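Participant: output the structure for:
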Amino acid sequence: MISRVHPRGRRVAGLLRYLYGPGRREEHRNPRLVAAWDGAGDLQSLEPRITAAGKRDFRRLVTLLEEPVRRIERPPKRYVWHTSMRLAPEDRARTFSDETWGHMAREMLREIGVATPADDEGLRWVVVRHGDDHVHIVATLVREDGRISWLRNDYPRTVAATYDVARRYGLRRAVAPADRTAHRRPSAAELNKSARRGRRETPRDELRRRVRMAVAGAATETEFFDRVRGAGLLLRLRNSTTASGQVTGYAVALPADLTADGMPVYYGGGKLAADLALPKLRRRWASPASTDVPPVGRAERTAALADAARVTRAAADEIRQTAYADPARAQAAALAASDLLTALAYTVEGDRRGNLTRVAETFDKAARDIRGRVVGHTGRSYELRAMSRLVVLMGRVSGDGDMLAALALMMDLARLADALEHLRHAQRRLHQAQAARSAAAALRELADRPGMPAGSSLTPTPATGPSMATPRRTDLSR
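Facilitator: Residues are numbered from 1 along each chain as shown. Next up, the predicted model:
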């Protein structure tokens, strides 16, 4: 089952005439009311009657729906709320009665706050059915007590409520509730520019990847800035306008990404990803990680990877144990584990975007919190971040011993991804649960690859990726 929230309107009468009319392709058959607000009375009395001329008279129903709107002095300009609920194609063979459709719509409306008990002077709404597989819901956004209900964030709330209804009725859940963790998508202009220049990824995506590698290997703000410059990126710091010498933000650019005037195109950290804004990075670095560079050799590198695997196993156990009791603690470990996998990808593949780097990006989607939120540190997250930085300091994998240790760490990170999937299911963040499952499967596939030569990269021969020649336009209507 899926819901669609339509643009808000100004006229109840026009919408009802369309819903009771033939439709654009004669798809509206036998339109009728199947539910209405508490206190509306009998549905038969609300049903628009057919006049002697063979047309429906909507005046009484429109008057009842608009009555709270007409009573206030300054009603909202667009007070008509319209959504539809539709069965997934796999469920359209099932036939539900009008009463069942009315119950499903009422349950969804109750979850998002449109339907209220009879003793609550809430909104007025009706459910119209004119087909076997869907219904339409029309509501006016002024409560009977005169207050306006703005129904903010109505789309994600409606999707989540519809998902719950589908689960209770054994229907296919076509769209999982939004988890509000996705990065900002590149604009059509960015995609077109990258396609013209033959780039496999947009500057925004490349900068995000490189900045994450710098974050994974840094213990302090100064070290982070040094690593960004060392990666060949242009760095611009933003200073406070009130406190002299205080840095409040940063922006990065690729030297080859220029405007028509030859100026670099800078992206602020928060524009790359919500959790890469400088204040949130500072919360990550609030750890006692040592800034001393240890002696580096193959034996030390192997030992460091083995230590990281040990800490990863302990973190996986902790995430499973705290998924329900202390999800914030589990979240701290998951975000720090994302840095460790990013560091491992850099150690094995360097700056090239190979398979392991792609897995790290998928794992990052599963690990990040809502709106880039960074939770407080725990002892386990301190350990993971220390291991992340140590792995970066150890340098590139170069022989059989450290490659085998890297593969063993991948297997332990796959087990941690399994635990992360368990956490996201507990939180009902199903997009992230799917990302964790994909990351775990990909890590096992890479670690089990037979005949991996010593010191080899996991980067395959470049294959044709998603084309940027025909970018999709981003829907800015919501």
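Participant: outline the domain layout of this structure.
Facilitator: 2-168, 200-284, 298-447 (automatic domain parsing).
Participant: now render these as JSON lines, adding mean neighbour count.
Facilitator: All C-beta spots, glycine's among them, are computed from the backbone N, C-alpha and C. Output for these, formatted as JSON lines (neighbours: other Cβ atoms under 10 Å):
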{"stretch": "domain 2-168", "mean neighbour count": "16"}
{"stretch": "domain 200-284", "mean neighbour count": "17"}
{"stretch": "domain 298-447", "mean neighbour count": "21"}
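Participant: any idea which of those gets closest to Arg185?
Facilitator: domain 200-284 (9.0 Å; Cβ to Cβ).
Participant: where does the residue of the chain most remote from its centre sit: helix, strand or coil?
Facilitator: With Cα atoms, centre = their mean as the measure, the chain has its most outlying C-alpha, relative to the mean C-alpha position, at Ala52: 53.9 Å. Of the three states, Ala52 takes coil according to DSSP: H, G, I helix; E, B strand; the rest coil.
Participant: averaged pLDDT, stretch 10-17. What do you get?
Facilitator: Averaging pLDDT along stretch 10-17 yields 94.
Participant: follow-up on the earlier one: so how far is Lys193 from the residue farthest from the centre of the chain?
Facilitator: As judged by Cβ to Cβ, to the nearest Å, Ala52 and Lys193 stand 64 Å apart.
Participant: which parts of the stretch 251-400 of the chain are helices?
Facilitator: 269-272, 278-284, 298-322, 327-349, 355-367, 379-393, 400-427 (DSSP state H, counting those that start in this stretch).
Participant: would a markdown table of the domains of the chain with distance to Ser187 be doable?
Facilitator: Output for the domains of the chain, formatted as a markdown table (distance: least, Cβ to Cβ, whole Å):
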| stretch | distance to Ser187 |
| --- | --- |
| domain 2-168 | 21 |
| domain 200-284 | 9 |
| domain 298-447 | 20 |
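Participant: leaving out chain neighbours, which residue sits closest to Gly268?
Facilitator: In space, and not counting its chain neighbours, Gly268 is closest to Ala251: 4.8 Å by Cβ to Cβ, 6 or more residues apart in numbering.
Participant: ok, that neighbour - contacts?
Facilitator: 235-236, 238, 266-269 (Cβ atoms under 8 Å, 6 or more residues apart in numbering).
Participant: now render those residues as TSV, adding distance to Ala308 and pLDDT.
Facilitator: Putting the contacts of Ala251 into TSV (distance: Cβ to Cβ, whole Å; pLDDT from 0 to 100) gives the following:
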residue	distance to Ala308	pLDDT
Leu235	28	96
Arg236	33	95
Arg238	34	91
Tyr266	34	95
Tyr267	30	93
Gly268	31	93
Gly269	26	91
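Participant: closest one of the residues you listed to Asp400?
Facilitator: Nearest to Asp400 among the contacts of Ala251 is Leu235, at 37.7 Å by Cβ to Cβ.
Participant: pretty sure the closest one belongs to a strand, no?
Facilitator: Yes - counting by three-state DSSP, Leu235 is found in a strand.
Participant: can you give me the helices in the stretch 1-150 of the chain?
Facilitator: Going by DSSP H, counting those that start in this stretch, the stretch 1-150 of the chain shows helices at 12-20, 43-46, 59-71, 98-112.
Participant: look at Pro466 and report its pLDDT.
Facilitator: 39.
Participant: ugh, wrong one, Arg373
Facilitator: Looking at Arg373, the pLDDT reads 83.
Participant: so what's it up against?
Facilitator: 274-275, 280.
Participant: returning to that earlier point: which one of the domains of the chain lies nearest to Arg184?
Facilitator: Judging the domains of the chain by Cβ to Cβ, what sits closest to Arg184 is domain 200-284, at 6.7 Å.
Participant: show the end-to-end separation of that closest one, please.
Facilitator: 30 Å (Cα to Cα, to the nearest Å).
Participant: and it, how far out from the chain's middle?
Facilitator: 22 Å (Cα atoms, centre = their mean, to the nearest Å).
Participant: remind me which residues of the protein are low pLDDT?
Facilitator: 174-182, 286-296, 450-478 (pLDDT under 70).
Participant: hmm, try it at 80
Facilitator: Within the chain, the set of residues satisfying pLDDT under 80 comprises 24-27, 118-119, 173-186, 243-245, 284-298, 351-352, 371-372, 398-401, 449-478.
Participant: if I look at Ala52, how far off is Arg17?
Facilitator: 18 Å.
Participant: show me what the helix or strand harbouring Glu223 is packed up against.
Facilitator: Assigned by DSSP states H and E, Glu223 falls within helix 221-230. Here helix 221-230 touches helix 203-216, strand 234-239, strand 247-253, helix 278-284, going by 3 or more Cβ pairs under 8 Å, 6 or more residues apart in numbering; DSSP states H and E.
Participant: quick check: bridge partners of Arg56?
Facilitator: Ile50 (DSSP bridges).
Participant: hmm, Pro48 and it touching each other?
Facilitator: Yes - the criterion here is Cβ atoms under 8 Å, and Arg56 meets it with Pro48 at 4.2 Å.
Participant: circling back to that earlier point, and the helices of the stretch 1-150 of the chain as TSV, adding distance to Arg4?
Facilitator: Shown next, in TSV, are those (distance: least, Cβ to Cβ, whole Å):
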stretch	distance to Arg4
helix 12-20	14
helix 43-46	24
helix 59-71	21
helix 98-112	12
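Participant: would you turn the helices and strands packed on helix 221-230 into a markdown table with distance to Ile72?
Facilitator: A markdown table is the format used below for those (distance: least, Cβ to Cβ, whole Å):
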| stretch | distance to Ile72 |
| --- | --- |
| helix 203-216 | 45 |
| strand 234-239 | 46 |
| strand 247-253 | 44 |
| helix 278-284 | 42 |
